[in-house]
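Asker: Could you work out the structure for the sequence below:
(one chain, ligands or ions: 2)
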Amino acid sequence: MANTLFDKIWDSHVVQHVEDGPEQLYIDRLYCHEVTSPQAFEGMRRRGIKCFRPENIFCMPDHNTPTHDQDKPIEDPVSKTQVDTLAKNAEEFGLNHFGMLNPKNGIIHVVGPERGLSLPGMTIVCGDSHTSTHGAMGAVAFGIGTSEVEMVMASQCILQQKPKSMRINIEGKLAEGVTAKDIALYLMSKLTTSGATGYFVEYAGEAVRDLSMEGRLTLCNLSIEMGARGGFIAPDEKTFEYIKGREYAPKGEDWDKAVEYWKTLRSGDDAVFDKELTFQAEDIEPMVTYGTNPGMGMGITQSIPDIDTIPDAGKASYLKSLGYMGFEPGQKLIGTPVDYVFLGACTNGRIEDFRAFASIVRGKKKADRITAWLVPGSWMVSEQIKEEGLDKILEEAGFEIRQPGCSACLAMNDDKIPAGKLAVSTSNRNFEGRQGPGARTVLASPLTAAAAAITGVITDPRTLINA
Ligand SMILES: CC(C)[C@H](C(=O)O)[C@@H](O)C(=O)O
Ligand code: SF4
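Answerer: Ligands and ions are numbered 1, 2, ... in the order given. Okay, the predicted model is just below:
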């Protein structure tokens, strides 16, 4: 009997078991962006076949889109080709396409949930590792490779080995100034970037239930950075409330039926997981990373671990990582000068993230040394920023809001952090060169990013709340 929610959703989508092999899994939703879809379309063309369920496939460019002057032709030739190719492919194969400047455009992992396309109980895939984000809606969502994208286009199914299940409970209440991003960075600092490899993670516990939908999306987004195949949260009243009335959400009688089903989507009280871990919310403080993977994080008041705490086998790579960042073992990061601040990405480019950022900078001024890129995750977020008057607060504090896209999360468009510069970034990866060749990234929450933007140095955001 299926007793975990993961089993329930997965098992109800299995079309057939291949003996001693993978399972053929039905996929409810396929998202495509410009980076990982061209070869899949090419393969379909070569085989002379059409998409099996085109109505379930949604395409939008996000990685290569510039975050300014989107009404002008894209200057970078590679980016232009990528974005144009996606538009042509979507048209040829009769797929839904939210092109640049379409009010529905934005980062896929922001758009899917906010348009009501990602729903509880669904299986959702995309040629993108952060597809785990959609798990926040109570879905089984995971990233796939380009050949698998082609498989889903052709058959609406995919061959997959079923991952093991893990539950991570965060009990108790988060302290003020501590966010979903800090939970994720905390978990990775404890479990490392391979701590959940081979697992699908269900997040549970009071602190997770207390998160807003935006916070849950942030937490699930970072599952992949712990090595997990995906992460999700059982849907509840907050989920239903969030989805209700959204463009592609079920309506009328269909809505009632859907909610009735969604209410059954929870792990049984006696559910058994392959692994279960519990953490206390009160142990988490605002987090910052100091190294070149998202697991190298610490509480903002802590010091970078001393070299003798690192196992011998890891010492060389540890020092290399700190060398790249320009940090020393044992160093505290508070007070370190910052050059760039990036608010955005599928991790923290939602309305709540802009509200959080604005709550810190309200009535203050951006530090002169800081270049700040504030990039909404979608046009919908961009509109909401204006409706709520956050744009005024941000502009008065010396900030400018850009147009939606992945932006400085990865160096695939014009928004690159220059070599040697230090960025406090709300994105999800701090790998060498991730934000630009030689760029140095400190991952943090929108509150911590805002605190750095105002003071020009790494600052504990709790010292600025209500200040
Ligand atoms: C370009 C894409 C394949 C990649 C991913 O899969 O995650 C990107 O979105 C990223 O964040 O590194
Ligand atoms: S915002 Fe960053 S992490 Fe998210 S899809 Fe774009 S590049 Fe990947």
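Asker: and this protein, which residues reach ligand 1?
Answerer: Applying the criterion C-beta under 6 Å from any ligand atom, the portion of the chain that neighbours ligand 1 consists of 35-36, 63, 128-130, 143, 410. C-betas here are computed from N, CA, C, even on glycine.
Asker: Would you format those as TSV with neighbour count, secondary structure and pLDDT included?
Answerer: As requested, the residues of the chain next to ligand 1 are arranged in TSV below (neighbours: other C-beta atoms under 10 Å; DSSP: H, G, I helix; E, B strand; the rest coil; pLDDT from 0 to 100):
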residue	neighbour count	secondary structure	pLDDT
35	18	coil	98
36	19	coil	98
63	21	coil	98
128	25	coil	98
129	19	helix	98
130	25	helix	98
143	18	strand	98
410	20	coil	97
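Asker: can you pull the contacts of residue 115?
Answerer: For residue 115, the contacting residues are 104, 246-248, 380, taking C-beta atoms under 8 Å, 6 or more residues apart in numbering as the criterion.
Asker: Relative to residue 376, which of the residues of the chain next to ligand 1 is nearest.
Answerer: residue 63 (15.7 Å; C-beta to C-beta).
Asker: residue in this protein nearest to ligand 1?
Answerer: residue 129 (3.6 Å; C-beta to the nearest ligand atom).
Asker: now that residue: how far from residue 311?
Answerer: Per C-beta to C-beta, to the nearest Å, residue 129 is found 27 Å from residue 311.
Asker: ok so, going back, by neighbour count, which of the contacts of residue 115 wins?
Answerer: For these, the largest neighbour count, defined by other C-beta atoms under 10 Å, is 22 neighbours, found at residue 380.
Asker: OK, contacts around the closest residue to that residue other than its chain neighbours?
Answerer: Sequence neighbours aside, residue 114 is the residue nearest to residue 380 in space, at 5.3 Å (criterion: C-beta to C-beta, 6 or more residues apart in numbering). Taking C-beta under 8 Å, 6+ apart as the contact definition, residue 114 lies against 106, 246, 350, 378, 380-381.
Asker: Tell me how this protein divides into domains.
Answerer: The chain breaks down by automatic domain parsing into domains covering 5-275, 287-463.
Asker: tell me how far the ends of the last one are from each other?
Answerer: Pointing back at domain 287-463 there. From the first residue to the last, domain 287-463 extends over 14 Å; the measure is C-alpha to C-alpha, to the nearest Å.
Asker: swap in the longest one?
Answerer: Distance across domain 5-275, first residue to last, is 14 Å (C-alpha to C-alpha).
Asker: same question, stretch 278-287
Answerer: For stretch 278-287, by C-alpha to C-alpha, the gap between its terminal residues amounts to 19 Å.
Asker: Can you name the residues of this protein that neighbour ligand 2?
Answerer: Counting by C-beta under 6 Å from any ligand atom, the chain comes close to ligand 2 at 62-63, 107, 109, 128, 130, 345-346, 406, 409-410, 427-428.
Asker: just to revisit the earlier point, now the residue of the chain closest to ligand 1: closest residue in space that isn't a chain neighbour?
Answerer: In this structure, residue 129 finds its nearest non-sequential neighbour in residue 143, 4.1 Å apart by C-beta to C-beta, 6+ apart.
Asker: next one: residue 21
Answerer: Spatial nearest neighbour of residue 21, excluding adjacent residues (C-beta to C-beta, 6+ apart): residue 159 at 7.7 Å.
Asker: check which helix or strand covers residue 99.
Answerer: Following DSSP states H and E, one finds residue 99 outside all helices and strands.
Asker: what's the neighbour count on it?
Answerer: Residue neighbour count, defined by other C-beta under 10 Å, stands at 18 for residue 99.
Asker: Give me the neighbour count for residue 187.
Answerer: Taking other C-beta under 10 Å as the neighbour definition, residue 187 ends up with a count of 28.
Asker: quick check, it in a helix?
Answerer: Yes: under the criterion used here (DSSP: H, G, I helix; E, B strand; the rest coil), residue 187 sits inside a helix.
Asker: Give me the longest strand you can find in the protein.
Answerer: Ranked by residue count under DSSP state E, the longest strand found in the chain is strand 164-171.
Asker: Pull the number of nearby residues for the closest residue to ligand 2 within the stretch 251-400 of the chain.
Answerer: Of all residues in the stretch 251-400 of the chain, residue 346 sits closest to ligand 2, with a separation of 3.4 Å (C-beta to the nearest ligand atom). Residue crowding around residue 346 was assessed by other C-beta under 10 Å; the count is 28.
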